[in-house]
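with the sequence up front, the predicted model follows.
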Amino acid sequence: MEENKITIIEGPPPVFEPARDGWALGLGEGPHLGYTVLTRLRSFNSAALVERCYRAWRSQSPIHLHFRNNMGLEEQAPIFAARSVETPEGQVLLLWVNLDRGKIQFEPDSGDDENARDGGKN
């Protein structure tokens, strides 16, 4: 049986952010040394992709996010949770995945955004 996956076909590598939801923090607990992160992906049919995840989980099969990293190398990360949301710009697929701790680094968040830096004048 071929392993289930969701593949990013075009566009830049996914942007991963630390999972901050309390329920999501426990997803990566276990014997592996991973880090649970969230990525947001635009999609034409995110509900179908969420259903693909649910089918895999119901059959107790893993499902992975397949993507190219910043160096263009192919990587896979196990998907632990998925959600589809509708935004004014279109459908977005939210995926909570587990990344190897040795392969990721987060940039420090200064806590301000562009509006805050210029006093909200724009």
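Yep, that arrived.

secondary structure class for residue 52?
Using DSSP: H, G, I helix; E, B strand; the rest coil, the structure places residue 52 in helix.

what ranges do the strands span in the chain?
Ranges of strands in the chain, per DSSP state E, are 4-7, 16-18, 34-43, 63-68, 74-87, 90-100.

give me the residues contacting the last one.
Outside strand 90-100, the residues that touch it by CB atoms under 8 Å, 6 or more residues apart in numbering are 6, 16, 19, 24, 27-28, 32-47, 49-50, 65, 77-86. Just so you know, the C-beta spots here come from the backbone N, C-alpha and C atoms, and that holds for glycine as well.

just stretch 79-87 next, same as before
Contacts of stretch 79-87 (CB under 8 Å, 6+ apart): 6, 24, 27-28, 36, 43, 46-47, 49-50, 53-54, 63-65, 91-98.

what sits against residue 6?
Shown in contact with residue 6 (CB under 8 Å, 6+ apart): 49, 52-53, 63-66, 79, 93, 95.

which of the helices and strands in this protein ranks last by mean pLDDT?
For the chain, the helix or strand with the lowest mean confidence is helix 114-117, at a mean of 42 (criterion: mean pLDDT, DSSP states H and E).

mind showing which ranges of the protein have poor pLDDT?
1-3, 22-33, 101-122 (pLDDT under 70).

try 50 this time
Along the chain, the parts satisfying pLDDT under 50 run over 1-2, 112-122.

please tell me how far residue 80 sits from residue 99.
11 Å (CB to CB, to the nearest Å).

more neighbours: the two, which one.
A side-by-side neighbour count of residue 80 and residue 99, using other CB atoms under 10 Å, places residue 80 first with 21 against 18.

ok, now how distant is that one from residue 19?
As judged by CB to CB, residue 80 and residue 19 stand 9 Å apart.

could I get the contacting residues of the closest residue to residue 57 other than its chain neighbours?
Nearest non-adjacent residue to residue 57, counting by CB to CB, 6 or more residues apart in numbering: residue 63, 7.2 Å away. Contact analysis of residue 63 by CB under 8 Å, 6+ apart lists 3-6, 52-53, 56-57, 78-79.
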